[in-house]
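A.B. asks: Next one to model:
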Amino acid sequence: MTPLPPLVEPGDELTAAEIARYSRHLIMPDVGTLGQRRLKNARVLVMGGGGLGSPTLLYLAAAGVGTLGIVDFDVVDESNLQRQIIHGVADVGRLKTDSAADAIAAVNPSVRVQRHDVQLTSENAVDLFSGYDLIVDGTDNFATRYLVNDAAALAGKPYVWGSIFRFDGQVSVFWEAAPDDRGLNYRDLYPQPPPAGLVPSCAEGGVLGLLCGTIGSLMGTEAVKLICGIGDTLLGRLLIYDALRMTMRTVRFGRDPQRRPITGLIDYEAFCGIGNDDEPVIDAADALSPQQLAEELAGPAPPVLIDVREAVEFEIVALPGARLIPSGDITSGARLGEIPHQERVVLYCKTGIRSAQALAALRRAGLGQVVHLAGGIAAWGRDVDPDLPMY
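C.D. replies: Down below sits the predicted model:
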């Protein structure tokens, strides 16, 4: 396939120091001094300084991308350090944009870093994207992915997309305004989001830390190819990587003939089913705070505790006396018979999402004495037992 034209015009001539630094690029005919000057002049916005943003930012900085923007309003947490290699132990509690900027400066002080300590919304996305040549999206939720896609289309910007879960990763390139009628966007590949709650996040399902480096490096490679106009990009192809089997394949896709033009931004949480009628509706009486549960457990008639996480999570940490019945076994009906019908039951998971879904299933099955722990075992550790191991 004919390569896409270079995305960025060449910048200023390289200095002697830049020639020495990027010499391994310069001696490759596909890049050369002209390609390096394009990288020097490029403005790339990376969505998130997390698992995928970390290696992508570091490698793009090392490659000599002139300006890197980072969109992230989160702070570094200890659980991030297993995979978010741009941050260190000393950065826990800091804004991720500040931590990432310091790491980038240590790798390549000539890179300009623009921090965007904001949440991406329908109100700010198009204006933000308009100031950059290319977007790199490694966000971990469907609402933001569709927002990035639509805003990039409206701003006329290409973007590199990546996704990870456990041992699996995906990478592609989307560009609605691509030349020669080659325009495609995320909705051509995924016209509709999955039902809310069906696909667990990395916080709920886990992710191999090393996978972030593999997928992030592939995303950075696609960004360099787009900037320089070299090679065959992943526009119109989905790369699928399986780390357990160590396989990598690509699947071609084309424009969805039923896709409507993107003319504006919408409510993406509603589009992805977050908070709609299909989500479990939990009344205040159905959710116990950690303090309320602690009082009930210390009382004369403690409730039955049921942990709806997976067995591997139960092995890490569990509340004393809890019984394990994973949420999938409850929502499928496979183990409904193990839920006491005549006793008060409290469900809990890690953060309260899976327990709410399991509670809704039990309500539909006619069980009325069941409630769940708001915020899950994470809230219990925060408010009741700070010494509880957290994961």
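
A.B. asks: Spit out the contact partners of G264.
C.D. replies: By C-beta atoms under 8 Å, 6 or more residues apart in numbering, G264 lies in contact with L154. (Each C-beta comes from the backbone N, C-alpha and C, glycine too.)

A.B. asks: any idea how far stretch 123-143 is from the chain center?
C.D. replies: 13 Å (C-alpha atoms, centre = their mean, to the nearest Å).

A.B. asks: what distance separates the start and the end of that stretch?
C.D. replies: One end of stretch 123-143 to the other measures 14 Å (C-alpha to C-alpha, to the nearest Å).

A.B. asks: Kindly report the same for stretch 359-373.
C.D. replies: End-to-end distance (C-alpha to C-alpha), stretch 359-373: 10 Å.

A.B. asks: Can you list the buried residues in that stretch?
C.D. replies: If you call a residue buried by 16 or more other C-beta atoms under 10 Å, then stretch 359-373 has these buried ones: 359-362, 367, 370-373.

A.B. asks: before we move on, what about stretch 312-329?
C.D. replies: Residues 313, 317-319, 322, 325-327 are the ones in stretch 312-329 that count as buried (16+ other C-beta under 10 Å).

A.B. asks: now swap in stretch 326-340 and tell me
C.D. replies: 326-327, 330-331, 336, 339.

A.B. asks: With stretch 160-168 instead?
C.D. replies: 160-165, 167-168.

A.B. asks: quick one, helices of the stretch 101-250 of the chain?
C.D. replies: In the stretch 101-250 of the chain, the helices defined using DSSP state H, counting those that start in this stretch lie at 125-130, 142-155, 186-189, 202-205, 209-228.

A.B. asks: Any idea which of those gets closest to R115?
C.D. replies: Set against R115 and scored by C-beta to C-beta, the helices of the stretch 101-250 of the chain come closest in helix 125-130, at 12.1 Å.

A.B. asks: For that closest one, output the C-alpha coordinates as PDB.
C.D. replies: Extracted in PDB, the C-alpha atoms of helix 125-130 (Å, rounded to 0.1, in the frame of the first residue of the first chain):
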ATOM      1  CA  ALA A 125     -11.400  17.900  23.400                       C
ATOM      2  CA  VAL A 126     -11.500  19.500  19.900                       C
ATOM      3  CA  ASP A 127      -9.700  22.700  20.900                       C
ATOM      4  CA  LEU A 128      -7.100  20.700  22.700                       C
ATOM      5  CA  PHE A 129      -6.500  18.300  19.800                       C
ATOM      6  CA  SER A 130      -6.300  21.200  17.300                       C
END
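
A.B. asks: what packs against it?
C.D. replies: helix 142-155 (3 or more C-beta pairs under 8 Å, 6 or more residues apart in numbering; DSSP states H and E).

A.B. asks: what pLDDT, on average, does the helix it packs on get?
C.D. replies: Taken as a whole, helix 142-155 has an average pLDDT of 97.
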